[in-house]
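Sequence first, then the predicted structure:
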Amino acid sequence: MKLYNKQEAIGRMNVLASRAKPFVFLIDYLQEQVYVEEAKNVSPAELVYNLNGFTNEDGWHHQQQKGLPEQIEWNPDPVSFEEYNCAFEYVRKNILAGNSFLTNLTFRTPVCTNLTLESIYCHSRALYQVWVKGRFVVFSPEIFVRINNGVISSYPMKGTIDATLPDARRILLEDEKEAAEHATIVDLIRNDLSIVASHVRVSRYRYMDVIQTNRGPILQTSSEICGELPEDYKQRLGDILFSMLPAGSITGAPKKKTMQIICEAEGYERGFYTGITGYFDGTNLDSAVMIRFVEQQPEGLYFKSGGGITFKSDARSEYEEMKQKVYVPIY
Ligand SMILES: C=C(O[C@@H]1C=C(C(=O)O)C=C[C@H]1O)C(=O)O
């Protein structure tokens, strides 16, 4: 899989978009490694995607890997609460010192499972899915941006609850901490869109998605923010995308200082997790934040997950949320 650096990737995207050539891209969290390939050249032997319907699955012949074990084994071995709490306290200290008002804290959870990256990809049902041979599989419910006829829209997701709890919908909507976190992220994304677009507005606020998982349904709240791009946006598509990265929903705010806190608190590399992936069809673009992410390491599979921390956050419930997200959408 050929990867490019940021400058090369911006150039490639600008050229492909201005020539109306469909392409697929994956950008890591730190924007150091970028995959950007014309759709017709993406080899399903190394990368398979289904990005909201745009797919190269037809060319994939790994039939032998598509079988699902009769009984799915899925045994996550998360960090202890004590270990989680150490990182949480570090983030909290920084929030109280005024260095950040929202920080997205994530962890790596080893999972003992009889599923492979291939079988997870084949049997998952998510809006955006990508499998990269020997590296990772991602099944994301979170839209990053869409561009349709010069209108750019972003859909930050923030707010999670177990959908089987009695009155889950109301509890999530009325939760003060979730509401504040959501407002912060909407503000941040409004700012990010204003860098590249005009007439930026919030067109839907805190709508709810039900996400099915192998461990039961969860509810997540998102909002829609949109604006108008300049006429010549295709020639500058790469610049436009990169100027909004990393996605605010997976950093927090303010972005730069919060990224430093994240780096110090997490102590592992996010890699492509919390980066973005997407598809340009020659005219329009659709993209996702790469959350719900399983990575292959020589010793086994790891799931990366996390959530937003504010001054109101409670370590126990954040710990539970991080663990709750360690699922596969196979049901
Ligand atoms: C980082 C993750 O989640 C982010 C944080 C969310 C939250 O705090 O509710 C929701 C979606 C993501 O933008 C993750 O799911 O791994």
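Noted; the coordinates are in hand. Treat the numbers as computed from the prediction; the structure is a model and nothing was measured. Numbers count the residues shown, from 1 in each chain.

All the strands of the stretch 101-250 of the chain, residue numbers only.
102-113, 128-132, 136-140, 143-148, 151-154, 157-162, 198-211, 218-228 (DSSP state E, counting those that start in this stretch).

Which of those strands sits closest to A253?
strand 102-113 (5.1 Å; C-beta to C-beta). Where C-beta positions appear, they are placed from N, C-alpha and C, glycine not excepted.

which bits of the stretch 1-150 of the chain sit near the ligand?
Neighbours of the ligand within the stretch 1-150 of the chain, by C-beta under 6 Å from any ligand atom: N104, T106, E142.

Now do the contacts for the second one.
When contacts are counted by C-beta atoms under 8 Å, 6 or more residues apart in numbering, T106 is found next to I250, I262, E266, R270, Y273, T274, K304, S305, G306, G307, M322.

now the last one
The contact partners of E142, by C-beta under 8 Å, 6+ apart, come to Y155, P156, M157, S222, S249, A288, V289, I291.

Let me know the average pLDDT across stretch 58-71.
In this model, stretch 58-71 has a mean pLDDT of 70.

what's the span of it, first residue to last?
27 Å (C-alpha to C-alpha, to the nearest Å).

do the same with stretch 261-280
33 Å.

What average pLDDT does it get?
The pLDDT scores in stretch 261-280 average 98.

of all the residues of the stretch 1-150 of the chain next to the ligand, which comes closest to Y29?
Taking C-beta to C-beta as the measure, Y29 sits nearest to T106 out of these, at 9.7 Å.

bridging residues for that closest one?
G306 (DSSP bridges).

Same check on N75?
C112.

Check the gap between it and T213 for me.
15 Å (C-beta to C-beta, to the nearest Å).

do C226 as well
29 Å.

Mind jotting down where the helices sit in the chain?
Taking DSSP state H, the helices of the chain run over residues 6-18, 81-96, 117-123, 168-174, 176-196, 237-243, 255-266, 315-324.

So for the first one, what gets flagged as buried?
Read that as helix 6-18. Neighbour-count burial for helix 6-18 flags K6, A9, I10, R12, M13, N14, L16, A17 (criterion: 16 or more other C-beta atoms under 10 Å).

Endpoints of stretch 305-320, how far apart?
11 Å.

cool, and stretch 206-217?
18 Å.

do that stretch and the ligand meet?
No. Applying C-beta under 6 Å from any ligand atom, one finds stretch 206-217 out of contact with the ligand, separated by at least 10.2 Å.

Please spell out which residues along that stretch are buried.
Judged by neighbour count using 16+ other C-beta under 10 Å, the buried positions of stretch 206-217 are R206, I211, Q212, T213, R215.

so the fourth one makes contact with P329?
Yes. Using C-beta atoms under 8 Å, T213 is in contact with P329, at 5.6 Å.

Compile the contacts of T106 into CSV and extend it with columns for neighbour count.
Listed next are the contacts of T106 as CSV, based on neighbours: other C-beta atoms under 10 Å:
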residue, neighbour count
I250, 27
I262, 25
E266, 19
R270, 22
Y273, 26
T274, 24
K304, 27
S305, 21
G306, 23
G307, 22
M322, 23
